[in-house]
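Peer 1: using only what follows, build the 3D model:
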Amino acid sequence: MGYSCLVRTLDWEQLRRVRLSRLLPGLFAGFSLLAACASSPPATYDLTPAAGDFAARAGRGQLAVLRPDAIQPADSDRIVVRYDPQSVAYLTGAQWADKLPSLVQSRLIESFQNAHLLREVGRPGMLADFNLQTSIRRFELDTAQSAAVVEISAQILSQSGRIIAGRLFSGTVPVASSEPAVVAAALDAALAQVMRDIVIWTAPKI
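Peer 2: Here you go, the predicted structure:
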């Protein structure tokens, strides 16, 4: 007879009559069975900032990078898989180290800091000349293209909230398989392309 993840209610009168030497092996077996039935935690992946040479004219001001806007399914810590324009799912057994908008905000700030093109870059609350507002439009494995696709729109805002400039940035990296580590690495590389372009576009305007 096969076993399943099921806990049986015991008749305590019967249990009292069972010899201890026979009961203990059964209890240990039950603990092992329940442990085997517990699902393993998903693998967690991080994103990295853009680094290296940034071929752009340096700016003179200070910039605050706002938390990106995003809607479901991107506004989560799950890795999105798109099958067609209307069908999306989450990659099984994998997650980001934080909710995607917060993670992208941190890595974008670090990318600006790595570029050394502005006097100061940080989060809202600093004394900034301009704000950078971004919106995550796509951050997913596109199965139709067999590629990791990242699309982020960006707007440079004055202190009064006036839009100084805006642009849509995109990055695409081929994906050889749907293994979580492969997909996460491809999305990381696509994001690096996008963040580099955002830094190079933004810096001369600040």
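Peer 1: state the three-state secondary structure for Ser106.
Peer 2: What DSSP: H, G, I helix; E, B strand; the rest coil gives for Ser106 is helix.
Peer 1: not counting residues beside it along the chain, what's closest to it?
Peer 2: Nearest non-adjacent residue to Ser106, counting by C-beta to C-beta, 6 or more residues apart in numbering: Asp98, 7.8 Å away. The way it works is simple: take the backbone N, C-alpha and C, and place the C-beta from them, glycine included.
Peer 1: am I right that the one you found sits in a strand?
Peer 2: No. Under three-state DSSP, Asp98 sits outside any strand and is assigned coil.
Peer 1: and it, how far from Arg57?
Peer 2: Counting by C-beta to C-beta, to the nearest Å, the gap between Asp98 and Arg57 amounts to 32 Å.
Peer 1: of these two, which one has the most company?
Peer 2: Between Asp98 and Arg57, counted using other C-beta atoms under 10 Å, Asp98 has the larger neighbour count: 15 against 9.
Peer 1: wait, doesn't that one sit right on Asp75?
Peer 2: No. Counting by C-beta atoms under 8 Å, Asp98 stays clear of Asp75, with 11.9 Å between them.
Peer 1: the residue nearest to Ile200 when sequence neighbours are not counted: neighbour count?
Peer 2: Leaving aside its chain neighbours, Ile200 sits nearest to Ala56 (4.1 Å; criterion: C-beta to C-beta, 6+ apart). Number of residues near Ala56 (other C-beta under 10 Å) recorded here: 16.
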